[in-house]
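J.: Dropping a prediction and its sequence here:
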Amino acid sequence: MNTPRKPAMIRRSHRGFTLVEMMIGVGISMVIVAAAAAMYVTTAGIGRSNRQAAEIMSNGQLAMDTLRRDILNAGFRGMTGDVDQLGTAAVTVSNACATGFSMNLRQAVWGANDSNPFSAGCIPSTNYLRGDVLAIRRLGIAPTGSLQSTRLYLRSAFQAGQFFLGSAPPTTFAYSPSEDFLLDASAYFVSPFTASSSESPQVPALYRTRLIAGPAMSAPELVASGIDDLQVQFEVRNGTTGDVRVLNAGTAPLDTGSATTTRSGWDDVSAVRVFLLVRAQGAEGGYTPGSRTYTLGSREVTYNDSIPRQVMASVFSLRNR
């Protein structure tokens, strides 16, 4: 026989949560959700910081590697050992940085200290932001296979060398054996923008102009984004004593122009010290470091914003000295 259930027992078996129990449950849930949200925000912030750090390292390494390859080969003259035995050529280079700039292999490297001396030529003032300008002149590292009619070359032998336009190779060059090398000239600088002057916000970048077909100095071309500043110092070796001084461009004896073809202090440069101030593309949320100062060689720069930055520095010896 079934025993009838008491009314109190029936009411107890169908009872739900009390208001107090519901409030405790909601409170616990809110604590869990808040902890999860805080963890997400922290993880997202760490992820952004890591991406910006990787971005800074990647852009800085790209810029430094490009400069390294150019500087290590600066002043390369093919087979010709004596720079005084390089002939000239009556060739006009469009958009030239300076008169005879491209063919001035005597000055393997040249610099301007925190100024743009080429605003009337290869580096328009609207493309220059700040920092040093570094010029590099050299030949291609291997003899050319064929001549292009609008490129500049050097026909190089052990005794001498002769510049010429590809469509008119020298017919009176009597030295043998000889090889033809493509001429290479570049000028590096910091631009106020990466893609165009209309970008917003503008992100500074390392740019360069280089010798191309025409012959002409190219329009400014991007090397690496996120470069806030470029500073260069030069190690100058005394040929008599062997002593080495570290100098900025414009400091005697490095105070002659980029078109100087007679012997000067630039002949005694044995190494180049490069300092890059590399930055992230944008500000980092929650990053408020206040005012901080960065040392780039002999120059100090101060910023007070939320954009992460890092100094990268390297020393490159000139192999062709």
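T.: Noted; the coordinates are in hand. Numbers count the residues shown, from 1 in each chain.
J.: need the strands for the chain, in chain order.
T.: Listed in chain order, the strands of the chain (DSSP state E) span 109-112, 130-139, 152-157, 161-165, 178-191, 205-212, 216-217, 221-225, 227-237, 244-248, 269-279, 292-296, 299-303, 309-317.
J.: among those, which is nearest residue 103?
T.: Taking C-beta to C-beta, strand 161-165 is the member of the strands of the chain nearest to residue 103, at 5.3 Å. Where you see a C-beta, it was placed from the backbone N, CA and C, and this is true even at glycine.
J.: Where does pLDDT dip in this structure?
T.: 1-17, 21, 34, 36-50 (pLDDT under 70).
J.: picking up where we left off before, dump the strands of the chain to JSON lines, plus mean neighbour count.
T.: Output for the strands of the chain, formatted as JSON lines (neighbours: other C-beta atoms under 10 Å):
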{"stretch": "strand 109-112", "mean neighbour count": "26"}
{"stretch": "strand 130-139", "mean neighbour count": "25"}
{"stretch": "strand 152-157", "mean neighbour count": "23"}
{"stretch": "strand 161-165", "mean neighbour count": "21"}
{"stretch": "strand 178-191", "mean neighbour count": "23"}
{"stretch": "strand 205-212", "mean neighbour count": "23"}
{"stretch": "strand 216-217", "mean neighbour count": "21"}
{"stretch": "strand 221-225", "mean neighbour count": "17"}
{"stretch": "strand 227-237", "mean neighbour count": "23"}
{"stretch": "strand 244-248", "mean neighbour count": "16"}
{"stretch": "strand 269-279", "mean neighbour count": "22"}
{"stretch": "strand 292-296", "mean neighbour count": "14"}
{"stretch": "strand 299-303", "mean neighbour count": "13"}
{"stretch": "strand 309-317", "mean neighbour count": "15"}
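J.: So which of the ones you listed is nearest residue 88?
T.: Among these, strand 161-165 sits nearest to residue 88 (C-beta to C-beta), with 6.3 Å.
J.: list the helices and strands that closest one packs on?
T.: strand 152-157 (3 or more C-beta pairs under 8 Å, 6 or more residues apart in numbering; DSSP states H and E).
J.: For residue 314, list the residues it contacts.
T.: Each residue near residue 314 by C-beta atoms under 8 Å, 6 or more residues apart in numbering is listed here: 64, 67, 68, 273, 274.
J.: list the contacts for the nearest residue to the fourth one once chain neighbours are set aside?
T.: In this case it means residue 273. Excluding the flanking residues, the one nearest residue 273 by C-beta to C-beta, 6 or more residues apart in numbering is residue 233, at 4.2 Å. Applying C-beta under 8 Å, 6+ apart to residue 233 gives the contacts 246, 247, 248, 272, 273, 275, 297, 298.
J.: swap in residue 97?
T.: Going by C-beta under 8 Å, 6+ apart, the list of residues near residue 97 reads 118, 121, 122, 123, 135, 185, 187, 209, 217, 258.
J.: What number of residues are in the vicinity of the first one?
T.: What that stands for is residue 118. Here the number of neighbours of residue 118 (other C-beta atoms under 10 Å) works out to 24.
J.: Leaving aside the residues adjacent along the chain, what's closest to residue 67?
T.: Closest to residue 67 by C-beta to C-beta, 6+ apart is residue 274, at 5.6 Å.
J.: Tell me what the one you found is bridged to.
T.: Here residue 274 shows beta-bridge partners residue 232, residue 314, assigned using DSSP bridges.
J.: which ones are touching it?
T.: Here residue 274 is in contact with 64, 67, 71, 134, 230, 231, 232, 313, 314, 315, 316 (C-beta under 8 Å, 6+ apart).
J.: again with residue 88
T.: Neighbours of residue 88 in contact, by C-beta under 8 Å, 6+ apart: 100, 103, 163.
J.: who's in contact with the nearest residue to the first one once chain neighbours are set aside?
T.: What it means is residue 100. Counting by C-beta to C-beta, 6+ apart, residue 259 is the residue found nearest to residue 100 once chain neighbours are left out, at 5.3 Å. For residue 259, the contact set (C-beta under 8 Å, 6+ apart) comprises 98, 99, 100, 101, 104.
J.: 10 Å instead, please
T.: 96, 97, 98, 99, 100, 101, 104, 107, 110 (C-beta atoms under 10 Å, 6 or more residues apart in numbering).
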